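Undergrad: Attaching a predicted model along with its sequence, questions to come.
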Amino acid sequence: MKVLVTGADGFIGQHLVTGLLAQGHQVVGAVRRPDRFARLFPGVECIPVDFTQDQRPEDWRPRLTGIQGVINAVGIFTEQGTQTFEAIHTAAPRALFTACAQMDVQRVIQISALGADSQARSGFHLSKRAADNYLASLDLEWVVVLPSLVFGPGGQSASLFTMLAAMPLLVVPGKGHQQVQPVSLDDLVAAVIALLEPDAPTRCRIPLVGPQPVSLREFLTNLRRALGLPPTVVLPVPRGLVHAAAPVAERLNLPLLSREALEMLERGNTAPPEAIKELLGRSPRGIGEFIPPLWQAAARRSARLAWLRPLLRLALAFVWLIAGVVSLGVYPVEQSYALLAATGITGVLAPIALYGASLLDIILGVATLTLSRARWLWRVQIGVILVYSTIITWYLPEFWAHPFGPLAKNVPILALLVALLVTEE
């Protein structure tokens, strides 16, 4: 079958493409960045699409010539600029589905989300549900799949939960009794590809879930065991405190810890597994099978790094902020001027150097707390520390022999900055 996959370079999409090609299907990737898709799948046909713009059936009809099946795997978890839930989850898919009906596409599979039902409250679920309902109203062979939390390499939720599972303490909101039923990415891909078969069920909604519901607490405990880590203490965090911290997480661009994500977690994310069992011809994988033995060591290192990096950031920001604030007057200004005089900075230049350096330190501290994926920030800090260290070494070499090691401590800080730089994704 010739299958058009939208979002073919995304987390689920690229695994679907791999699975479809392995099953002998002909794939057309519909993506925003064809260059990225071409690097992932050299030689596989690809067309550029933009869900923020392609919201009329006529935008899609020419792209569906010769297409027998369509899988819509596009989705976002947070809105950003023109990428709104309405545009990405509803308007563009509606236009695509209408064009599919007009072009007699044999099978359309919509990858929605568990929870996109009549009880939906979040913008994420409501926008998915609007597209699901529209597809169900059309006269064509359609299937809406409703995945639970999808666990697989490269997934945001998998990264978050493995990080939480690898921390020294298992931190859970409330008592950690929220119900989840995570599904393996491999099982999701196998189930969706099975739905392209001629005798597969159509005109229905199918939940794609794991073998049974578990509490969040059990999920993290089992995941920790799958990572090869020993048991640890569970630390319940009052729900009120977690929800109070959610706006901060949103500002720090941590969508899976946002208010909406917490609301969805509190609601629960479970469904009967019979439909996915029938599609797979077996029970879906349990949590203990999520991390293959060959992947265990790499997954464990990655999970530990995921919580160590924010910890290192906090420590680094603390150093910059303390240094900046202390220089504003907590440390006697006259003594600061005396140190500057020893380097040849006196007169009108002294306060400029003192308060300028203080402001720079505070800016670097705030940037360390708030900016993400900023390799330049680590390079700037390395440069600033090298300049500070060189000047002090030249004019005040006795600081290398100071019992508190004010210059020697720059060495581990530089190493920390290099670690952040080389591990920045």
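TA: It's in.
Undergrad: so R205, which of the three states?
TA: Here R205 is recorded as strand under DSSP: H, G, I helix; E, B strand; the rest coil.
Undergrad: Just give me the neighbour total for it.
TA: 17 (other Cβ atoms under 10 Å). C-beta here means a position set from N, CA and C on the backbone, and glycine is covered the same way.
Undergrad: my guess is it meets V144, correct?
TA: Yes: counting by Cβ atoms under 8 Å, R205 sits close enough to V144 to count as a contact (4.4 Å).
Undergrad: what do those two both touch?
TA: S112, D132, A136 (Cβ atoms under 8 Å, 6 or more residues apart in numbering).
Undergrad: mind listing what the first one touches?
TA: When you say that, I think you mean S112. K128, R129, A131, D132, V144, V145, L146, P147, R205.
Undergrad: I'd like to know which of the shared contacts of R205 and V144 is nearest to S302.
TA: S112 (28.8 Å; Cβ to Cβ).
Undergrad: Would you map the strands across the chain?
TA: Assigned by DSSP state E, the chain shows strands spanning 2-6, 26-31, 45-48, 69-72, 107-111, 142-147, 150-151, 170-173, 179-180, 183-184, 204-208, 214-215, 234-237.
Undergrad: what's the fifth one in contact with?
TA: By Cβ under 8 Å, 6+ apart, the surrounding residues in contact with strand 107-111 are 1, 12, 68-73, 75, 93, 97, 100, 131-132, 135, 140-145, 147, 192, 195-196, 202.
Undergrad: So for that strand, mean pLDDT?
TA: The pLDDT scores in strand 107-111 average 97.
Undergrad: hmm, back to that, make JSON lines out of the strands of the chain and add distance to F290.
TA: Shown next, in JSON lines, are these (distance: least, Cβ to Cβ, whole Å):
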{"stretch": "strand 2-6", "distance to F290": "24"}
{"stretch": "strand 26-31", "distance to F290": "26"}
{"stretch": "strand 45-48", "distance to F290": "30"}
{"stretch": "strand 69-72", "distance to F290": "23"}
{"stretch": "strand 107-111", "distance to F290": "20"}
{"stretch": "strand 142-147", "distance to F290": "14"}
{"stretch": "strand 150-151", "distance to F290": "5"}
{"stretch": "strand 170-173", "distance to F290": "17"}
{"stretch": "strand 179-180", "distance to F290": "13"}
{"stretch": "strand 183-184", "distance to F290": "6"}
{"stretch": "strand 204-208", "distance to F290": "15"}
{"stretch": "strand 214-215", "distance to F290": "12"}
{"stretch": "strand 234-237", "distance to F290": "20"}
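Undergrad: mind checking which of those is nearest I385?
TA: Within those, the stretch nearest I385 is strand 170-173; the backing value is 32.6 Å (Cβ to Cβ).
Undergrad: buried set for that closest one?
TA: L170, V172, P173 (16 or more other Cβ atoms under 10 Å).
Undergrad: wait, the second one sits on R217?
TA: Yes: when contacts are counted by Cβ under 8 Å, V172 is listed as touching R217 (5.4 Å).
Undergrad: Pull up the overlap in contacts between these two.
TA: Contacts common to V172 and R217, judged by Cβ under 8 Å, 6+ apart, are V234.
Undergrad: picking up where we left off before, show me which of the buried residues of strand 170-173 is closest to L414.
TA: Closest approach between those and L414, by Cβ to Cβ: L170, at 33.5 Å.
Undergrad: related to what we said a few turns ago, PyMOL command to pick out the buried ones of the contacts of S112?
TA: The PyMOL selection below is limited to those of these classed as buried (16+ other Cβ under 10 Å):
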select buried, resi 128+129+131+132+144+145+146+147+205
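Undergrad: any chance of the contacts of S112 in CSV, with pLDDT and distance to Q179 too?
TA: Compiled in CSV, the contacts of S112 are given as follows (pLDDT from 0 to 100; distance: Cβ to Cβ, whole Å):
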residue, pLDDT, distance to Q179
K128, 96, 20
R129, 96, 20
A131, 97, 26
D132, 97, 22
V144, 97, 22
V145, 97, 20
L146, 97, 15
P147, 96, 16
R205, 96, 20
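Undergrad: What is the nearest of the contacts of S112 to W307?
TA: Distance to W307 across the contacts of S112 (Cβ to Cβ) is lowest for P147, with 25.8 Å.
Undergrad: residues contacting the closest one?
TA: Neighbours of P147 in contact, by Cβ under 8 Å, 6+ apart: I12, I111, S112, A113, L114, V183, L188, P207, L208, V209.
Undergrad: Same check on A73?
TA: Shown in contact with A73 (Cβ under 8 Å, 6+ apart): V5, T6, G7, A8, G10, I12, G13, L16, I111.
Undergrad: quick one, phi/psi of it?
TA: Dihedral pair for A73: phi -110, psi 20, per degrees, to the nearest 10.
Undergrad: Give me the local confidence score for it.
TA: With respect to pLDDT, A73 has a value of 96.
Undergrad: Please tell me how far it sits from P397.
TA: Taking Cβ to Cβ, to the nearest Å as the measure, A73 falls 61 Å from P397.
Undergrad: And for A275, the neighbour number?
TA: When neighbours are defined as other Cβ under 10 Å, A275 has 19 of them.
Undergrad: Please name the bridge partners of the nearest residue in space to it that is not next to it in sequence.
TA: Once flanking residues are discounted, A275 sits nearest to I206: 4.6 Å by Cβ to Cβ, 6 or more residues apart in numbering. With DSSP bridges applied, I206 shows beta-bridge pairing to V145.
Undergrad: Touching, I206 and V144? I think so.
TA: Yes: contact criterion Cβ under 8 Å: I206 and V144 qualify, at 7.3 Å.
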